[in-house]
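A.B. asks: can't give you the sequence, but here's the structure:
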(Lines give C-alpha, C1' and ligand atoms only; values in the text may rest on other atoms or scores of the structure.)
Protein backbone atom coordinates (compact mmCIF):
# COMPACT_ATOMS: atom_id res chain seq x y z
CA UNK A 1 0.00 0.00 0.00
CA UNK A 2 1.12 3.52 -0.70
CA UNK A 3 0.76 4.38 2.99
CA UNK A 4 3.80 2.18 3.73
CA UNK A 5 6.11 3.91 1.24
CA UNK A 6 8.48 6.34 2.93
CA UNK A 7 7.93 9.93 1.82
CA UNK A 8 11.51 10.20 0.48
CA UNK A 9 10.89 7.25 -1.88
CA UNK A 10 7.54 8.42 -3.19
CA UNK A 11 8.70 10.41 -6.24
CA UNK A 12 10.43 7.30 -7.62
CA UNK A 13 7.32 5.22 -6.92
CA UNK A 14 4.84 7.87 -8.07
CA UNK A 15 4.45 6.61 -11.66
CA UNK A 16 3.90 3.03 -10.52
CA UNK A 17 1.32 4.01 -7.92
CA UNK A 18 -0.43 6.21 -10.48
CA UNK A 19 -0.48 3.45 -13.11
CA UNK A 20 -1.93 0.95 -10.66
CA UNK A 21 -4.65 3.32 -9.43
CA UNK A 22 -5.40 4.33 -13.04
CA UNK A 23 -5.82 0.65 -13.95
CA UNK A 24 -8.32 0.25 -11.09
CA UNK A 25 -10.21 3.28 -12.39
CA UNK A 26 -10.32 1.85 -15.93
CA UNK A 27 -11.39 -1.59 -14.72
CA UNK A 28 -14.11 -0.15 -12.50
CA UNK A 29 -15.45 1.95 -15.36
CA UNK A 30 -15.49 -1.10 -17.63
CA UNK A 31 -17.76 -3.11 -15.36
CA UNK A 32 -19.66 -0.23 -13.74
CA UNK A 33 -22.77 -0.57 -15.89
CA UNK A 34 -23.11 -4.31 -15.34
CA UNK A 35 -21.82 -4.84 -11.79
CA UNK A 36 -22.06 -1.83 -9.49
CA UNK A 37 -20.95 -3.67 -6.36
CA UNK A 38 -17.71 -4.96 -7.89
CA UNK A 39 -17.07 -1.60 -9.55
CA UNK A 40 -17.36 0.09 -6.15
CA UNK A 41 -14.86 -2.39 -4.68
CA UNK A 42 -12.42 -1.72 -7.52
CA UNK A 43 -12.77 2.06 -7.19
CA UNK A 44 -12.10 1.67 -3.45
CA UNK A 45 -8.89 -0.24 -4.21
CA UNK A 46 -7.74 2.59 -6.48
CA UNK A 47 -8.56 5.18 -3.82
CA UNK A 48 -6.73 3.12 -1.22
CA UNK A 49 -3.73 2.68 -3.53
CA UNK A 50 -3.31 6.44 -3.87
CA UNK A 51 -3.62 6.84 -0.12
CA UNK A 52 -3.15 10.43 0.93
CA UNK A 53 -0.13 10.98 -1.31
CA UNK A 54 -2.36 12.70 -3.87
CA UNK A 55 -2.90 15.59 -1.46
CA UNK A 56 -1.38 18.93 -2.31
CA UNK A 57 -1.58 21.94 -0.03
CA UNK A 58 -2.16 24.20 -3.04
CA UNK A 59 -5.26 22.31 -4.19
CA UNK A 60 -8.76 22.56 -2.79
CA UNK A 61 -9.91 18.98 -2.38
CA UNK A 62 -13.57 18.15 -1.80
CA UNK A 63 -13.22 14.43 -2.52
CA UNK A 64 -13.39 13.55 1.18
CA UNK A 65 -16.95 14.84 1.37
CA UNK A 66 -17.84 13.02 -1.85
CA UNK A 67 -16.37 9.84 -0.43
CA UNK A 68 -18.51 10.09 2.72
CA UNK A 69 -21.58 10.69 0.53
CA UNK A 70 -20.66 7.69 -1.65
CA UNK A 71 -20.36 5.48 1.41
CA UNK A 72 -23.74 6.67 2.69
CA UNK A 73 -25.36 5.94 -0.68
CA UNK A 74 -23.77 2.50 -0.75
CA UNK A 75 -25.00 1.75 2.79
CA UNK A 76 -28.46 2.93 1.78
CA UNK A 77 -28.50 0.59 -1.20
CA UNK A 78 -28.29 3.23 -3.93
CA UNK A 79 -25.48 1.52 -5.81
CA UNK A 80 -25.95 3.54 -9.01
CA UNK A 81 -25.17 6.82 -7.26
CA UNK A 82 -22.53 5.24 -5.01
CA UNK A 83 -20.61 3.77 -7.96
CA UNK A 84 -20.71 7.08 -9.83
CA UNK A 85 -19.44 8.96 -6.77
CA UNK A 86 -16.62 6.49 -6.05
CA UNK A 87 -15.58 6.74 -9.70
CA UNK A 88 -15.53 10.54 -9.51
CA UNK A 89 -13.51 10.52 -6.29
CA UNK A 90 -10.88 8.23 -7.80
CA UNK A 91 -10.77 10.21 -11.04
CA UNK A 92 -10.36 13.51 -9.18
CA UNK A 93 -7.63 12.13 -6.95
CA UNK A 94 -5.82 10.66 -9.97
CA UNK A 95 -5.88 14.09 -11.61
CA UNK A 96 -4.53 15.80 -8.49
CA UNK A 97 -1.86 13.11 -8.07
CA UNK A 98 -0.76 13.35 -11.71
CA UNK A 99 -0.50 17.12 -11.48
CA UNK A 100 1.40 16.97 -8.20
CA UNK A 101 4.07 14.65 -9.62
CA UNK A 102 4.04 15.94 -13.20
CA UNK A 103 2.70 12.68 -14.61
CA UNK A 104 0.75 12.14 -17.81
CA UNK A 105 -2.04 9.63 -18.08
CA UNK A 106 -1.08 6.26 -19.62
CA UNK A 107 -3.35 7.11 -22.54
CA UNK A 108 -1.32 10.25 -23.30
CA UNK A 109 1.91 8.22 -23.29
CA UNK A 110 0.47 5.74 -25.78
CA UNK A 111 -0.71 8.52 -28.08
CA UNK A 112 2.66 10.26 -27.95
CA UNK A 113 4.54 7.01 -28.62
CA UNK A 114 2.29 6.30 -31.60
CA UNK A 115 2.98 9.73 -33.11
CA UNK A 116 6.72 9.25 -32.81
CA UNK A 117 6.83 5.82 -34.44
CA UNK A 118 4.45 6.40 -37.35
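C.D. replies: Looks like it arrived, so ask away. Everything numeric here is computed off the predicted structure, so don't read it as measured data. Numbers count the residues shown, from 1 in each chain.
A.B. asks: Give me the pLDDT for the most centrally placed residue in the chain.
C.D. replies: Nearest to the geometric centre of the chain sits residue 90, at 3.3 Å (CA atoms, centre = their mean). pLDDT, the model's per-residue confidence, is 96 for residue 90.
A.B. asks: Wait, it touches residue 49, no?
C.D. replies: No. Counting by CB atoms under 8 Å, residue 90 does not reach residue 49; the two are 9.2 Å apart. Where C-beta positions appear, they are placed from N, C-alpha and C, glycine not excepted.
A.B. asks: which residues do the two both contact?
C.D. replies: Counting by CB atoms under 8 Å, 6 or more residues apart in numbering, the residues touching both residue 90 and residue 49 are 21, 24.
A.B. asks: residues in contact with residue 61?
C.D. replies: By CB under 8 Å, 6+ apart, the residues touching residue 61 are 55, 92, 96.
A.B. asks: Just say helix, strand or coil for the residue nearest to the centre of the chain.
C.D. replies: Here residue 90 is recorded as helix under DSSP: H, G, I helix; E, B strand; the rest coil.
A.B. asks: From residue 12, how far out is it?
C.D. replies: Using CB to CB, to the nearest Å, residue 90 is found at 23 Å from residue 12.
A.B. asks: Okay, and residue 29 sits in which element?
C.D. replies: Per DSSP states H and E, residue 29 falls inside helix 10-31.
A.B. asks: Output the contacting helices and strands for that helix.
C.D. replies: Packing contacts for helix 10-31, counted by 3 or more CB pairs under 8 Å, 6 or more residues apart in numbering; DSSP states H and E, involve helix 36-50, helix 79-101.
A.B. asks: Taking helix 10-31 as reference, get the angle to the last one.
C.D. replies: What that stands for is helix 79-101. Computed by axes from the mean of the first three to the mean of the last three CA atoms, to 10 degrees, the angle separating helix 79-101 from helix 10-31 equals 150 degrees.
A.B. asks: buried stuff in helix 79-101?
C.D. replies: Residues of helix 79-101 classed as buried: 79, 82-87, 89-94, 96-98, 100-101 (neighbour count, 16 or more other CB atoms under 10 Å).
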